[in-house]
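A.B. asks: quick one: sequence plus predicted model below, questions after.
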Amino acid sequence: SQKIEQNSEALNIQEGKTATLTCNYTNYSPAYLQWYRQDPGRGPVFLLLIRENEKEKRKERLKVTFDTTLKQSLFHITASQPADSATYLCATYNQGGKLIFGQGTELSVKP
Amino acid sequence: DAGVIQSPRHEVTEMGQEVTLRCKPISGHNSLFWYRQTMMRGLELLIYFNNNVPIDDSGMPEDRFSAKMPNASFSTLKIQPSEPRDSAVYFCASRPGGGAASYEQYFGPGTRLTVT
């Protein structure tokens, strides 16, 4: 069955640097991947969706890539700010139509 | 739009008691999802509805869990009897499209359940 794997270790970076988070999937190549942000005590919030035929997607300071050869998606935040500190979740639909999530990676941006 | 509304936000109950969680999806959304989030298992889908009909409840852990969606604007998740291992944050989410669509899901604020 499809599994989504994210680095469980927290990522600590300095303000202004680029944060890069990794999402790997284990089985078939999904048609698309989604990225969500979750703040403590809140529900996940959708950020970006990238389709398998899109190499890259951008939204303001966010950039997502999708490499079907590596079975990997990378999520970049450029010019990071302390307000970007949160947990970021990768998700995709499995063949049964369910949205499955990775464990998430906690990002901490220090001023 | 107020977004997905969940109640209560926090629930503390004793083992063996019945717990009912409530959700109001975003108006016009056709699909509704119930998730459970714990540190150990992350975010897990319990059940989802399309047009008020339960489509897949394979994620419901046991017969103690049940969910209903009597109309397009309301759903409940019930645990009876509750056990300490049910302690988690329960999220409700809705989505505009039905079926295996690519639409993002909109999550509510969650209900933090503690069973002592």
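C.D. replies: Structure received.
A.B. asks: in chain B, which residue sits nearest chain A?
C.D. replies: Closest to chain A within chain B is B:Phe107: 3.1 Å, counting by CB to the nearest CB. Placement of C-beta: from N, CA and C, glycine included.
A.B. asks: how many other residues sit next to the closest residue to chain B within chain A?
C.D. replies: Sorted by distance to chain B under CB to the nearest CB, the residues of chain A start with A:Gly43, at 3.1 Å. As a burial measure, A:Gly43 scores 23 neighbours (other CB atoms under 10 Å in any protein chain shown).
A.B. asks: next one: the one 3 residues further on
C.D. replies: Using other CB under 10 Å as the criterion, A:Phe46 is surrounded by 18 other residues.
A.B. asks: for the one 10 residues further on, same thing?
C.D. replies: Other residues near A:Glu56 come to 11 when the count uses other CB under 10 Å.
A.B. asks: quick one: secondary structure of B:Arg112?
C.D. replies: strand (DSSP: H, G, I helix; E, B strand; the rest coil).
A.B. asks: from what I can see it touches B:Val19, true?
C.D. replies: No: proximity of B:Arg112 to B:Val19 does not meet the contact threshold set by CB atoms under 8 Å, at 11.8 Å.
A.B. asks: overlap in contacts of the two?
C.D. replies: Here B:Arg112 and B:Val19 have B:Glu11 as joint contacts, going by CB atoms under 8 Å, 6 or more residues apart in numbering or on different chains.
A.B. asks: for stretch A:90-103, what is the distance to the chain centroid?
C.D. replies: Centre-to-centre, stretch A:90-103 and its host chain are 13 Å apart (CA atoms, centre = their mean, to the nearest Å).
A.B. asks: so the one helix or strand in chain A whose mean pLDDT sits lowest, near chain B or not?
C.D. replies: In chain A, no helix or strand scores lower on mean pLDDT, DSSP states H and E than strand A:99-101, which sits at a mean of 89. Yes: using CB under 8 Å from any CB of the partner chain, strand A:99-101 comes into contact with chain B via A:99-101.
A.B. asks: what is the burial count for A:Ala79?
C.D. replies: Taking other CB under 10 Å as the neighbour definition, A:Ala79 ends up with a count of 12.
A.B. asks: you'd agree it is in a helix?
C.D. replies: No: going by three-state DSSP, the assignment for A:Ala79 is coil, not a helix.
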